[in-house]
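[1] dropping a prediction and its sequence here:
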Amino acid sequence: MGEISVTPEHLDHLLADPASAYTHPYQRAYAELAAAHRGRPAAEIVPLLRTAADQALLSFTAADLAEQAEAISSGAPYELRVRVTAR
């Protein structure tokens, strides 16, 4: 289980929000990668997750991305704790 901190004004970078104009939410990218890469090696998925995180302007650690990639690879659920911090 990973954890990320975001400020309220950047929460839409993480979670898909239909009311937001932000076009690269990480949640959407993760779901697309999970659907397309289940069963693939985690090492192949990590760089794709890094690109998605970079596009969403989010700072996941290498360990978090490896955990996420392993969950996608195995088809296991991945739980992410989101901490909304003050600006």
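    Cool, the structure landed. Numbers count the residues shown, from 1 in each chain.
[2] where does the prediction get shaky in the protein?
    Scanning the chain for pLDDT under 70 picks out the ranges 87.
[3] which residues touch the residue nearest the centre of the chain?
    Centroid-nearest residue in the chain, with CA atoms, centre = their mean: Y26, separated by 4.6 Å. Counting by CB atoms under 8 Å, 6 or more residues apart in numbering, Y26 touches H13, L14, L15, A52, A53, A56, L58. Every residue, glycine included, has its C-beta placed from N, CA and C.
[4] if any of those residues are buried, put those into a PyMOL selection.
    The PyMOL command for the buried members of the contacts of Y26 (criterion: 16 or more other CB atoms under 10 Å) is given here:
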select buried, resi 13+14+52+53+56+58
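[5] can you put the contacts of Y26 in a markdown table and add distance to E67 and secondary structure?
    Compiled in a markdown table, those are given as follows (distance: CB to CB, whole Å; DSSP: H, G, I helix; E, B strand; the rest coil):
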| residue | distance to E67 | secondary structure |
| --- | --- | --- |
| H13 | 20 | helix |
| L14 | 16 | helix |
| L15 | 19 | coil |
| A52 | 15 | helix |
| A53 | 13 | helix |
| A56 | 17 | coil |
| L58 | 15 | coil |
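[6] now, which of the contacts of Y26 sits nearest H37?
    Of all those, H37 sits closest to A52, with 11.6 Å by CB to CB.
[7] the closest one and A86, how far apart?
    A52 sits 26 Å away from A86 when distances are taken as CB to CB, to the nearest Å.
[8] how about S20?
    Going from S20 to A86 by CB to CB gives 20 Å.
[9] so the two - more neighbours on which side?
    Neighbours per residue, other CB atoms under 10 Å: of S20 and A86, the larger number sits with S20, 12 against 5.
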